[in-house]
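> here's a sequence, model it:
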Amino acid sequence: MKRSVKILLTGPPGCGKTTAVMTIIQKLDREKATGFYTQEIRRDNVRKGFSWIRLDGAVGTLAHVDIKGRFKVGKYGVDVAGFEKAILPVLDAKQTDTELFVIDEIGKMECLSDKFTAAVQHLFASDKNILSTVAEKGGGLIKDVKRNPNVKIFQLKRKGCAKIITEILELLSSN
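As a prediction, this is how the structure comes out:
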């Protein structure tokens, strides 16, 4: 059996982590990938929050300035229950037909969910291939996945992602 590949992309906000993940996914067999990515919600050129988008096309709000509640990161209220309901099913390591799990991102907002944290830990302990972005700074799960001995970490900068994307595609296609 081939050894699984666990890839983490990290770097400062705005360096192109999500763009790199989307470029990689577009060049792979999307039928065999599952997971999600995040995007900014902007109004009048001002960031108002973040949405999650599953690879199957489902979309929802992860965090927004208008969300009230106990879960907050900065000025954003985080919809932990909605995130869990939509995202946890696509992070189930028991899925046998999935060849690649995409997680964009492992960050402070997502880690407010203990269930998300447990699902990610289970995936990283499994024989599944993972392509994930992770916050540059943070403790808990953010720190733990970076310490995983089976993980290959790529540090992105604002320029020069093409070489890294090519290297990641080679890693994933050789597996």
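
> distance of the closest residue to Ile153 other than its chain neighbours from Asn150?
Nearest residue to Ile153 in three dimensions, chain neighbours excluded: Leu8, at 4.7 Å (Cβ to Cβ, 6 or more residues apart in numbering). The way it works is simple: take the backbone N, C-alpha and C, and place the C-beta from them, glycine included. Noted for Leu8: a distance of 11 Å to Asn150, by Cβ to Cβ, to the nearest Å.

> which one's more surrounded, these two?
Ranked by neighbour count (other Cβ atoms under 10 Å), Leu8 and Asn150 place Leu8 first, with 23 against 12.

> got a list of what the more buried one touches?
Counting by Cβ atoms under 8 Å, 6 or more residues apart in numbering, Leu8 makes contact with Ser132, Thr133, Val134, Val145, Lys146, Val151, Lys152, Ile153, Phe154.

> so how far is Lys85 from it?
Separation of Leu8 from Lys85 (Cβ to Cβ): 26 Å.

> name the element the residue nearest to Ile153 belongs to?
Under the criterion DSSP states H and E, the helix or strand holding Leu8 is strand 6-10.

> ok, that strand: who's next to it in the sheet?
Using DSSP bridges, the strands paired with strand 6-10 are strand 129-134 (parallel), strand 151-155 (parallel).
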